Every structure is written in structure tokens, then in C-alpha cells.
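> here's my sequence, what's the structure:
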Amino acid sequence: MTGDPAATAAPDILDVRTVADGVELDLFLPETLSCFQGHFPGYAVLPGVSQIDWAVRYADRFLGTDIGGARRFQVKFRSIVRPGGPLVLRLVRPAGGARLLFEFRRGGEIHSTGVIALEEGR
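Numbers count the residues shown, from 1 in each chain. Coordinates of the predicted model:
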């Protein structure tokens with residue numbers, strides 16, 4: 001955290017849509033997000049750890065997964081994410097199963113995809 005009172009940790013949610021077994025969120029990423037501060041000076045890039053955190057946080061909020069934290073996951077980063085938007089986050093839990101799939105994309109470009117293992121019984 002930079003100490004900048006205008007900096008926030010979460011993106012603005014512009015829209016939420018239900019999809020099969022999940023949800024899509026339209027996010028706006030202002031440059032004032034704390035995750036952009038210092039990553040990297042003069043060329044802000046969304047850290048991968050923030051992408052995983054948002055997938056977990058929003059799956060808990062919108063899908064009731066109660067993950068809390070991603071302990072076992074696989075992520076493929078295809079391209080960098082810069083401030084601005086909208087950025088679409090798609091969260092899917094196939095048939096209520098033991099894994100959460102996520103994808104960040106902007107327009108036709110997929111920035112990252114991943115799978116987070118869910119604990120049994122959640």
C-alpha cells in the first residue's frame with residue numbers, strides 16, 4: 001500500500017451477468033488501484049496475485065464458494081493487463097464441482113485463465 005488515500009484494493013464492478021454455472025463481471029480498473037502502485041513505475045501492470053485474489057474474492061461473493069484463499073491453483077498468463085476497462089472476469093464452477101474456472105479478458109483478448117481447487121464440501 002502506498003499511503004495514497006485515493007488508492008483502493010478492488011476494481012469497480014460495472015455489471016454482473018449470470019452465465020451457465022457461473023457469473024461474468026465487467027470490471028473497471030482505475031490507475032489508482034493500490035495493486036498498480038509500484039508495479040511498474042511508468043507502466044502500470046495488474047499483478048497475477050491480484051487476478052487470483054479477485055477470482056477467489058468474487059467467487060466467494062457471487063457463487064458462495066467460501067474459498068477464502070487459493071491454496072491449489074493453476075494459472076496461465078497470456079498477456080498483461082493495464083489499467084482501464086472494462087475487463088471481464090468470468091467465474092464458472094462446473095456443475096457445482098470441486099473446482100473454480102476463471103478467465104480475464106478484454107474485448108477478444110484473453111489475458112489469463114486458471115483453475116482453483118475447492119476444498120471438499122464447499
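
> just give the nearest non-adjacent residue to residue 89, would you?
residue 25 (4.6 Å; Cβ to Cβ, 6 or more residues apart in numbering). To be clear about C-beta, it is placed using only N, CA and C from the backbone, and glycine gets the same treatment.

> er, residue 13 actually
Of all residues not flanking residue 13 in the chain, residue 25 sits nearest, at 5.7 Å (Cβ to Cβ, 6+ apart).

> and the one you found, what are its bridge partners?
Counting by DSSP bridges, residue 25 is bridged to residue 16, residue 89.

> circling back to that earlier point, what about the residue nearest to residue 89, how many residues nearby?
Number of residues near residue 25 (other Cβ atoms under 10 Å) recorded here: 21.

> ok, back up a step: the residue nearest to residue 13 and residue 19 touch, don't they?
No: when contacts are counted by Cβ atoms under 8 Å, residue 25 is not listed as touching residue 19 (10.5 Å).

> and the next element down the chain from the host helix or strand of residue 27?
Assigned by DSSP states H and E, residue 27 belongs to strand 22-29. Under the assignment DSSP H and E, the closest C-terminal helix or strand after strand 22-29 is helix 48-63.

> show me what counts as buried in that following helix.
Buried residues in helix 48-63, counted by 16 or more other Cβ atoms under 10 Å: 50, 51, 52, 53, 54, 55, 56, 58, 59, 60, 62, 63.

> quickly note the distance from residue 47 to residue 58.
16 Å (Cβ to Cβ, to the nearest Å).

> mind listing what's buried along the strand or helix carrying residue 101?
Element membership of residue 101 [criterion: DSSP H and E] is strand 99-106. If you call a residue buried by 16+ other Cβ under 10 Å, then strand 99-106 has these buried ones: 100, 101, 102, 103, 104, 105, 106.
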